[in-house]
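>>> With the input below, show me the fold.
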Amino acid sequence: MSEDWLVGSDRRAAAADRIYSAATDLIARDGVDALDIDVLATRIHCSRATIYRHVGGKAAIQDAVLARAAAQIVDSVRVAVDGLSGAERIVTAITVALGRIRSDPLWQLMISLRGAQATSWLSQSPMVSDLAVELNGLADDDPQAVQWIVRVVFAFLYWPVDDVDLEREMVTRFVAPAFR
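Take a look at the predicted model:
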């Protein structure tokens, strides 16, 4: 290959972004477990060694892709809950997160898997717990409340209500009172 596949001053960040973007596309198309470093390297026109040097191996790439996708959802929720508190913050955080998760192809795949990898990563991730604390305005010394919120979101994802207004009403009626 005669051209350098990375241009610009921050080569590591550019390489990681390019690798993660391509990995996201491959994972959304083929699934998390189907990610193959050789296919990824071919797709972005680099060597396996370049991938390992810039972002690590398959597990690190999978985690980073999921974390990046989660960060996009979190950014949307942060904007939506800005200035809200109490029950309204909880209801808004949950319903906005549900809407964003459902509209993202990568998260659609994760939801469809319903397998141990998807649910264990999300339910056991310290990042997910920290974000649940921040976005819902929970006390960080109440890990049961955090786990409960994560499980409520999973319940709505895996057993959706067909009407978003009804879903919001259910969250308002049954979840919000726990946080008044």
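>>> Quick check, pLDDT for Glu3.
Per-residue confidence (pLDDT) for Glu3: 45.
>>> One more: the one 10 residues further on?
Taken from the predicted model, the pLDDT recorded for Ala13 is 88.
>>> Just give me the neighbour total for it.
As a burial measure, the neighbour count of Ala13 was computed by other CB atoms under 10 Å and equals 12. (C-beta placed from N, C-alpha, C; glycine too.)
>>> Then the one 10 residues further on?
The local packing count at Ala23 equals 25, with neighbours defined by other CB under 10 Å.
>>> ok, now Asp75?
Applying the criterion other CB under 10 Å, we find 11 residues in the vicinity of Asp75.
>>> distance of it from Gln108?
The span separating Asp75 from Gln108 equals 19 Å under the rule CB to CB, to the nearest Å.
>>> In the chain, what helix or strand scores lowest on average pLDDT?
Of all the helices and strands that make up the chain, helix 116-124 has the lowest average by mean pLDDT, DSSP states H and E, namely a mean of 60.
>>> any low-confidence regions in the chain?
1-9, 113-131, 135-136, 138-141 (pLDDT under 70).
>>> mind giving me the domain split of it?
As assigned by automatic domain parsing, the chain contains the domains 11-56, 66-179.
>>> which stretch of helix or strand covers the residue most central in space within the chain?
Residue closest to the average C-alpha location in the chain (CA atoms, centre = their mean): Ala70, at 2.3 Å. Assigned by DSSP states H and E, Ala70 falls within helix 58-81.
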